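*Asks:* this one's structure only:
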């Protein structure tokens, strides 16, 4: 068994600099008050001894590193980059740090989970696709809490925070039907994730029950270019018949649809075809789009995620509080007619 | 001096599970081959002993944690969120992790730097505004290399990777002048950062030397809404006189200008007013905009940043290699007339 070289401590730095150990701590604490001359002396001593201040040294006793791994889905989707931004900013406010990982669509995140678990993280937030049950057991074994963000895992006890995808999509379906849509196209996302499935199901629970509704589904690949190309392929033939309404299960696909319909097919939205998305990303609310959509309450979802990470695993969270489903905000937008009046 | 409770080691887990220590390591290594039964036994032992695998334990001897702090500027600007994405993805490929921080525009990043230095990071990448020279000295004292990304600090020896902002902006100026622009409006960004200043200077080096050019500068706040509101205010009076061309020093402001000019003022781009941005963000290249702009080669900039972090501080980087200025890619777009032909 090899003996590890022990690390230089703040006490040794204090001794060399001729100050107390708490003063050394202050020299390395953001915002702490300390005279410039003293800090310089401490830094010189630290340099001489090759001392590196270590947030883990003080946190090992409390078993907290204040570092949380966030495994994001495809960051090309602005919903994930906006969520990552909120995680970074909210965590930073509570003196926690995000160790950032990303997983491409369609890839499982086992390898990335393994990489994350090698760091002394206080928890893991997973916003991306499938995880093996083995990995979940492993994290449980290690006492690292996991919270799923924007998805759920069926038949699992995993904590999850998500927007009410089913009800939000049903609301969009009701608006389209009320505005007269009967020939409806659904643009699906990632078939591996729960999110796309829940949104399609919620939307169909309305339109399938509506007399005279004809519903078609196509795959939009969860991305801007996927949805754009799907539109070009689907309506590329001579004299295509366009639907009354298109529901893309996320905003970035709705934007891809809008660009293709307008630029390639000369379609006006909503005069010729109605359109709705889901997520409420910034880009979808700008002048060229003003999408009718459901905004995911990211700030609140992040706050509840933090709350669950703080509780687990010491205090067990009761099963019925382990899955949080938060209502989304309906944004009227301009891509379903008659919505401005409801704004 | 308090004695710290010593952490459970992989050797103890190995003993309890009846395997060798390297097998325990394998159980916690992404992609390593190990029988399921063995891994389960090791996990059970790890759980019993409250063992947490620790990437730092093995890296302390090599003095590497494989963790790099990335301090981003305002993530509302897609350039920063796209850059953060490339950092996360590139670092992950080389088994490094990003510890993510963000700093709002106009705030100095000293506090955030202090927070970052408390973690055993291998380096700090700073994409945001001003840093005090004190903080720079502190990081030098601690032997933590810093690389500035997308900015430089005058009169400093700091390593920096940036796009050639001056030459890129000069190229955009030449295009506008060649297309006949004489009344020109510049929309400036963050006055604290070097980037906006360099772009304005590069652009003016061309237009100020052009006979008959009249140049005006306004502040666009570096953001979508800042630029949009600046346009509404500037041209809000009766019968405003619009310029021939607008150069916004970044794409997100160019998008804000385009939305306001079209939606509020009924201006066509480029027929009524030419427009150019800088950065090459995804959104700016979509159908409603197709901005004429200079794309920052983010992938290459990230690769060179990594290279410099790897060299420093053990091998000193010669002063003339410490500042890397990489040419940007001119994207013809459609917002300066005549550019399609050059595409």
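*Replies:* Alright, I've got the coordinates. Note that this is a predicted model, so its numbers are computed, not measured.
*Asks:* what's next to the one helix or strand residue A:205 maps to, contact-wise?
*Replies:* For residue A:205, the host element (DSSP states H and E) is helix A:194-207. Contacts with helix A:194-207, where a contact means C-beta atoms under 8 Å, 6 or more residues apart in numbering or on different chains, come from A:150-154, A:162, A:165-170, A:172-174, A:176-177, A:184, A:186, A:188-191, A:213, A:215, A:217, A:222, A:247, A:249-250, A:278. Just so you know, the C-beta spots here come from the backbone N, C-alpha and C atoms, and that holds for glycine as well.
*Asks:* Those residues also near chain B: which ones?
*Replies:* Residues of the contacts of helix A:194-207 in contact with chain B (C-beta under 8 Å from any C-beta of the partner chain): none.
*Asks:* For the closest residue in space to residue A:66 that isn't next to it in sequence, give me the pLDDT.
*Replies:* Leaving aside its chain neighbours, residue A:66 sits nearest to residue A:96 (4.8 Å; criterion: C-beta to C-beta, 6 or more residues apart in numbering or on different chains). For residue A:96, the pLDDT comes out at 86.
*Asks:* Also residue A:341?
*Replies:* On the pLDDT scale, residue A:341 gets 52.
*Asks:* helices and strands of chain A: which one bottoms out on pLDDT?
*Replies:* For chain A, counting by mean pLDDT, DSSP states H and E, helix A:55-59 ranks last in confidence among helices and strands (a mean of 52).
*Asks:* Moving C-terminal from that helix, which element do we reach first?
*Replies:* By DSSP H and E, the next helix or strand past helix A:55-59 is strand A:67-72.
*Asks:* Is there contact, residue-wise, from that following strand to chain B?
*Replies:* Yes - Strand A:67-72 lies within reach of chain B by C-beta under 8 Å from any C-beta, at A:67, A:72.
*Asks:* Is chain B within reach of the next helix or strand after that strand?
*Replies:* Toward the C-terminus, strand A:67-72 is succeeded by helix A:78-93 as the next helix or strand (DSSP H and E). Yes - using C-beta under 8 Å from any C-beta, we find that helix A:78-93 touches chain B at A:78, A:81, A:82, A:84, A:85, A:88, A:89, A:92.
*Asks:* what about helix A:78-93, distance to the chain center?
*Replies:* 8 Å (C-alpha atoms, centre = their mean, to the nearest Å).
*Asks:* before we move on, back to that, the contacts of helix A:194-207 in helices, which ones?
*Replies:* Mapping the contacts of helix A:194-207 onto helices (DSSP state H) picks out A:165, A:166, A:167, A:168, A:169, A:170, A:172, A:173, A:174, A:176, A:177.
*Asks:* Can you give me the neighbour number for the last one?
*Replies:* Residues near residue A:177, counting by other C-beta atoms under 10 Å in any protein chain shown, number 20.
*Asks:* go on, the one 5 residues further on?
*Replies:* Other residues lying near residue A:182 total 16 when counted by other C-beta under 10 Å.
*Asks:* Against chain B, how distant is it?
*Replies:* Distance, residue A:182 to chain B, using C-beta to the nearest C-beta, to the nearest Å: 28 Å.
*Asks:* Over to residue A:114?
*Replies:* 4 Å.
*Asks:* was I right about that residue contacting residue B:26?
*Replies:* No - applying C-beta atoms under 8 Å as the test, residue A:114 and residue B:26 come out as separate, 10.9 Å apart.
*Asks:* Just the mean pLDDT for stretch A:280-292, thanks.
*Replies:* On average, stretch A:280-292 scores 97.
*Asks:* Quick check: pLDDT value at the closest residue to residue A:174 other than its chain neighbours.
*Replies:* Leaving out its chain neighbours, the residue that sits closest to residue A:174 by C-beta to C-beta, 6+ apart is residue A:206, at 5.4 Å. What the model reports for residue A:206 is a pLDDT of 98.
*Asks:* Okay, residue A:206 and residue A:216: tell me how far apart.
*Replies:* 16 Å (C-beta to C-beta, to the nearest Å).
*Asks:* Which one's more surrounded, the two?
*Replies:* residue A:206 (18 against 12).
*Asks:* May I ask which helix or strand encompasses residue A:309?
*Replies:* helix A:298-311.
*Asks:* packing partners for that helix?
*Replies:* helix A:78-93, strand A:123-126, strand A:146-149, strand A:159-163, strand A:323-326 (3 or more C-beta pairs under 8 Å, 6 or more residues apart in numbering or on different chains; DSSP states H and E).
*Asks:* try 10 Å this time
*Replies:* strand A:67-72, helix A:78-93, strand A:123-126, strand A:146-149, strand A:159-163, strand A:323-326 (3 or more C-beta pairs under 10 Å, 6 or more residues apart in numbering or on different chains; DSSP states H and E).
*Asks:* tilt between that helix and helix A:78-93?
*Replies:* Calculated by axes from the mean of the first three to the mean of the last three C-alpha atoms, to 10 degrees, helix A:298-311 forms an angle of 50 degrees with helix A:78-93.
*Asks:* Quick one: mean pLDDT for stretch A:149-163?
*Replies:* Stretch A:149-163 shows a mean pLDDT of 82.
*Asks:* Can you check the distance spanned by that stretch, start to finish?
*Replies:* Taking C-alpha to C-alpha, to the nearest Å as the measure, stretch A:149-163 stretches 9 Å from start to finish.
*Asks:* buried set for that stretch?
*Replies:* A:149, A:150, A:151, A:152, A:153, A:158, A:159, A:160, A:161, A:162, A:163 (16 or more other C-beta atoms under 10 Å in any protein chain shown).
*Asks:* among the helices and strands packed on helix A:298-311, which is the most enclosed?
*Replies:* Highest mean neighbour count among the helices and strands packed on helix A:298-311 (mean count of other C-beta atoms under 10 Å in any protein chain shown): strand A:123-126, with a mean of 28.
*Asks:* Show me chain A divided up by domain.
*Replies:* Listed domain ranges for chain A are A:10-53, A:67-163+A:298-328, A:165-295+A:330-342 (source: automatic domain parsing).
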